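Q: Generate a structure from the sequence data that follows.
(chains A and B, ligands or ions: 2)
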2 protein chains.
Amino acid sequence: VVSFATEVQATDPLPSWNDGQTKQSILTFVEKVTTSGSPDFVPVAERIATFDNDGTLWSEQPMYFQLFFALDRVKILAPQHPEWKGKEPFASLLKGDVKATLAGGEKAILEIVMATHAGMTTTEFEKIVKSWIAAASHPKTGRRYTAMVFQPMLELLAFLQANDFKTFIVSGGGIEFMRPWTETVYGIPPEHVVGSSIKTKYEVRNGKPVITRLPELNFIDDKAGKPVGIHQHIGRIPIMAVGNSDGDFEMLDWATSGEGLRFGLLIHHTDDKREWAYDRDSHIGKLDRGLNEGPGRGWTIVSMKDDWKVIFPFEK
Amino acid sequence: VVSFATEVQATDPLPSWNDGQTKQSILTFVEKVTTSGSPDFVPVAERIATFDNDGTLWSEQPMYFQLFFALDRVKILAPQHPEWKGKEPFASLLKGDVKATLAGGEKAILEIVMATHAGMTTTEFEKIVKSWIAAASHPKTGRRYTAMVFQPMLELLAFLQANDFKTFIVSGGGIEFMRPWTETVYGIPPEHVVGSSIKTKYEVRNGKPVITRLPELNFIDDKAGKPVGIHQHIGRIPIMAVGNSDGDFEMLDWATSGEGLRFGLLIHHTDDKREWAYDRDSHIGKLDRGLNEGPGRGWTIVSMKDDWKVIFPFEK
Ligand SMILES: [Ca+2]
Ligand SMILES: [Ca+2]
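A: Ligands and ions are numbered 1, 2, ... in the order given. Below you'll find the model as predicted:
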């Protein structure tokens, strides 16, 4: 680790970030908390950084990627559920009408998740996710979903990891939807993934233990749920938190209100050419309160258009 | 890490373990899974070992140490609760009658936990636990509770950690009761502690975010709950699991039924001179099914009397 850290610091650890205040604020923070003897030094054990996923580490338009997964699952399962054709939110989802699907709000999303993410063992679900993520492609870019991660954020994760930070995902998305691929894509192992979940049950089938996924909500890791999820999984207050929407407000508030030097970062989607531009009025990734109150709390706001040289790894 | 691992392996990594089949089975397992090129080699990322706490890493007699904590809390809070003198389980607990206290079973324990572990912020509770663990002493030995950890298990934890295992606690005890001291005592950081929990709530008080502890059960991490807790927190099946009671049966079954080389270890309390001797009929740490079925499943059983040169660090 030491030699790698030295190596990346000798060159630019964040080559896809334009020089400027945003990049400098990150570099300064990491330098201060990792410099032994600095008044802001933080011991390795306490270097916890939490990252939202949708819209922070990868794109989330025209709808959360996990909803595309659910849609594909609904299509596969539809022959066994003829009633879905006349039943919301399935009817709209099958027609590909995102807006009507999401009109049912959290309840609609939950119904879709319960119908598509439960009823199998955890091992079976992991296989389903792995197959889908390896093969499915985004309707607009035609790329694999895992190719639509943000190159500057991959660099930030690697930079923090090289500086002995423990990087966690804390996402409103399903914990078991992320775990099968976060290690390969982000260098974040399953035990560092916190997310929403359904209940599971341990049972022995034909002498072999399995954990089955139940159609019952366990935890929603969003908004005020994020600090709760962080406390439950990590048991420490992060010194750095990164998000992109008002669903991350409480996480950033929790992380940056602790004693000592703290860092809050919000990704503002401002680039309608290379990615998407949306904020205060978006039905996905709404960012309003964060724009209003973030700067006053000392949070740094990334403008994707201005701060990032490239958005996706495939642009390089 | 590498130089330390080499160093401990050059000498005996488990000096408090008597030579014999038990010790050898541990050494052989670790050697096989860590030797590159071995058919049983396990990549570092998958070297997950889970440990029960009560009766596995420290003693649990004459009652779970967390119950002594609860008793002391009940004594402190009793003046505010005059009704407890006539109300079980508090009446028996205040009289120090362990058997009568536990006669109410899980329900009684839950009532005690809710009355003593909830109603404060997580930060306040952490301080309460830290003060107690630093000052309270065991009624029989007069030692600090954290002095009553098992020296051979400290060596096993250090040996595994030096071999790049991630060591987790997976305990029926309260997650927030353990986290304030497990890093110092076991080298296990808060994010590697899985346990039972009550619900918590995020709120902003006078502009400062806090997480408050609610008198409502969230999760019981015992029996079939252990694999569920492991799946929720770690998201991988451990390759090694260690326990001491039938509450660990499902955890060991889950860990050892996976593919590849696996290791199940049960600590059998057989030493009534240096510690306590109990198993099939004990109301704390009952070990019956594990003794019957463990050996047939290839699990190793530690006899504390025969396999351990010393039990507690203070004996050395
Ligand atoms: Ca987001
Ligand atoms: Ca135990």
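
Q: What is the burial count for the residue of chain A found nearest ligand 1?
A: Proximity to ligand 1, evaluated over chain A using Cβ to the ion, is greatest for residue A:55 at 3.8 Å. The C-beta positions use only the backbone N, C-alpha and C, and glycine is treated the same way. By other Cβ atoms under 10 Å in any protein chain shown, the residues close to residue A:55 number 26.

Q: do residue A:105 as well
A: Neighbours of residue A:105 (other Cβ under 10 Å): 10.

Q: ok, and the closest non-adjacent residue to the residue nearest the centre of chain A?
A: Central residue of chain A (Cα atoms, centre = their mean): residue A:53, 0.9 Å from the mean position. Nearest in space to residue A:53, with sequence neighbours left out and distances taken as Cβ to Cβ, 6 or more residues apart in numbering or on different chains, is residue A:171 at 3.8 Å.

Q: quick one, helices of chain A?
A: A:2-10, A:21-34, A:65-77, A:90-95, A:98-103, A:105-117, A:122-135, A:151-162, A:175-186, A:225-233, A:249-256, A:289-293, A:304-307 (DSSP state H).

Q: so how far is the last one from its chain's centroid?
A: What that stands for is helix A:304-307. 19 Å (Cα atoms, centre = their mean, to the nearest Å).

Q: Point out the other helices and strands that that helix packs with.
A: Here helix A:304-307 touches strand A:263-270, going by 3 or more Cβ pairs under 8 Å, 6 or more residues apart in numbering or on different chains; DSSP states H and E.

Q: The fifth one now?
A: Applying 3+ Cβ pairs under 8 Å, 6+ apart, one finds that helix A:98-103 makes contact with helix A:90-95, helix A:105-117.

Q: Using CSV, write down the CA coordinates of it.
A: Output in CSV follows, covering the C-alpha atoms of helix A:98-103 (Å, rounded to 0.1, in the frame of the first residue of the first chain):
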residue,chain,number,x,y,z
VAL,A,98,-40.9,5.1,-16.7
LYS,A,99,-42.8,8.2,-15.6
ALA,A,100,-46.1,6.3,-15.1
THR,A,101,-44.2,3.5,-13.3
LEU,A,102,-42.6,5.9,-10.9
ALA,A,103,-45.9,7.9,-10.4
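
Q: What residues sit buried inside it?
A: Neighbour counts using 16 or more other Cβ atoms under 10 Å in any protein chain shown place A:98, A:101-102 of helix A:98-103 among the buried residues.

Q: swap in the shortest one?
A: By neighbour count, with 16+ other Cβ under 10 Å as the criterion, the buried positions of helix A:304-307 are A:304-305, A:307.

Q: if we can go back for a sec, OK, contacts around the residue nearest to the centre of chain A?
A: A:169, A:171, A:173, A:178, A:195 (Cβ atoms under 8 Å, 6 or more residues apart in numbering or on different chains).

Q: wouldn't the second one be in contact with residue A:221 here?
A: Yes. Counting by Cβ atoms under 8 Å, residue A:171 touches residue A:221, with 6.4 Å between them.

Q: Please list the residues of chain A that sit near ligand 1.
A: A:52, A:54-55, A:244-245 (Cβ under 5 Å from the ion).

Q: Tell me how many other residues crowd the residue in the stretch 101-250 of chain A positioned nearest to ligand 2.
A: Proximity of the stretch 101-250 of chain A to ligand 2 (Cβ to the ion) peaks at residue A:202, 17.6 Å away. Neighbour count for residue A:202, taken as other Cβ under 10 Å: 22.

Q: Can you verify my assumption that it contacts residue B:250?
A: Yes. Between residue A:202 and residue B:250 there is a contact under Cβ under 8 Å: 5.9 Å.

Q: May I see the residues of chain A next to ligand 1 arranged in CSV, with distance to chain B and pLDDT as well?
A: Below are the residues of chain A next to ligand 1 laid out as CSV (distance: Cβ to the nearest Cβ, whole Å; pLDDT from 0 to 100):
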residue, distance to chain B, pLDDT
A:52, 16, 98
A:54, 19, 98
A:55, 21, 98
A:244, 20, 98
A:245, 17, 98
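
Q: Which of these are buried, as a ChimeraX select command?
A: The buried residues among the residues of chain A next to ligand 1 can be selected in ChimeraX (16+ other Cβ under 10 Å) with this line:
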select /A:52,54,55,244,245
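
Q: Can I get the residues of chain A next to ligand 1 in TSV including distance to residue B:92?
A: Shown next, in TSV, are the residues of chain A next to ligand 1 (distance: Cβ to Cβ, whole Å):
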residue	distance to residue B:92
A:52	48
A:54	51
A:55	54
A:244	54
A:245	51
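
Q: of the residues of chain A next to ligand 1, closest to residue B:112?
A: residue A:52 (38.1 Å; Cβ to Cβ).

Q: what's near enough to touch that closest one?
A: A:169-172, A:242-245, A:247-248, A:251.

Q: now swap in residue A:209 and tell me
A: A:202-203, B:227, B:250, B:253-254, B:257.

Q: you'd agree residue A:251 is up against residue A:50?
A: Yes. Counting by Cβ under 8 Å, residue A:251 sits close enough to residue A:50 to count as a contact (6.3 Å).

Q: what sits in contact with each of those two?
A: Contacts common to residue A:251 and residue A:50, judged by Cβ under 8 Å, 6+ apart, are A:170, A:226, A:230, A:238, A:241.

Q: Can you pick out the most distant pair from those residues?
A: It's A:226 and A:238 that sit farthest apart of the shared contacts of residue A:251 and residue A:50, by Cβ to Cβ, at 10.2 Å.

Q: Mutual contacts of these two, please.
A: Contacts common to residue A:226 and residue A:238, judged by Cβ under 8 Å, 6+ apart, are A:50, A:251, A:254.

Q: filter these down to the ones near chain B?
A: Applying Cβ under 8 Å from any Cβ of the partner chain to the shared contacts of residue A:226 and residue A:238, one finds that residue A:254 fall near chain B.

Q: which one of the shared contacts of residue A:226 and residue A:238 is nearest ligand 2?
A: Nearest to ligand 2 among the shared contacts of residue A:226 and residue A:238, with distances taken as Cβ to the ion, is residue A:50, at 31.6 Å.

Q: Fine by me, thanks again.
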